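Chemist: Got a sequence here, can you model it:
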Amino acid sequence: MASIEELNDRVERLLLRHQELQRTHALAVQQLGVVAAERDSLRSRLAAARQRVDALIERLPPDLAEPAPAEEAR
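Modeler: Numbering: from 1, shown residues only. Sure, this is the predicted structure:
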């Protein structure tokens, strides 16, 4: 059977480990927030770029808007 001192040491190590894991978790949550914000920004930029490309395609003459049969085979 473990002595009181051994149990006390184990509890102290567990408490330190718990505190360490809490800090690690807080950092991970913070990083997740940063990455999610970056993802949202990239999605927004992608949507804007798509709109610009679509607007440019709309401005093309009708015969240039559709790929030629020879270009479709590539």
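Chemist: which element is residue 18 on?
Modeler: According to DSSP states H and E, residue 18 maps onto helix 4-59.
Chemist: whoops, I mixed them up, residue 2
Modeler: With DSSP H and E as criterion, residue 2 is part of no helix or strand.
Chemist: OK, contacts around it?
Modeler: residue 10 (C-beta atoms under 8 Å, 6 or more residues apart in numbering). The C-beta positions use only the backbone N, C-alpha and C, and glycine is treated the same way.
Chemist: Distance of it relative to residue 10?
Modeler: When distance is defined by C-beta to C-beta, to the nearest Å, residue 2 is 8 Å away from residue 10.
Chemist: residues near residue 4, how many?
Modeler: Neighbour count for residue 4, taken as other C-beta atoms under 10 Å: 7.
Chemist: Check it and give its pLDDT.
Modeler: What the model reports for residue 4 is a pLDDT of 95.
Chemist: Please apply the same query to residue 70.
Modeler: pLDDT, residue 70: 68.
Chemist: got it, and residue 17?
Modeler: Predicted confidence (pLDDT) for residue 17: 98.
Chemist: Also the one 4 residues further on?
Modeler: As summarised for this prediction, residue 21 has a pLDDT of 98.
Chemist: Tell me, how many residues neighbour it?
Modeler: Residues near residue 21, counting by other C-beta under 10 Å: 10.
Chemist: now do residue 63
Modeler: Counted with other C-beta under 10 Å, the neighbours of residue 63 add up to 7.
Chemist: What separation is there between it and residue 53?
Modeler: From residue 63 to residue 53 the distance is 19 Å (C-beta to C-beta).
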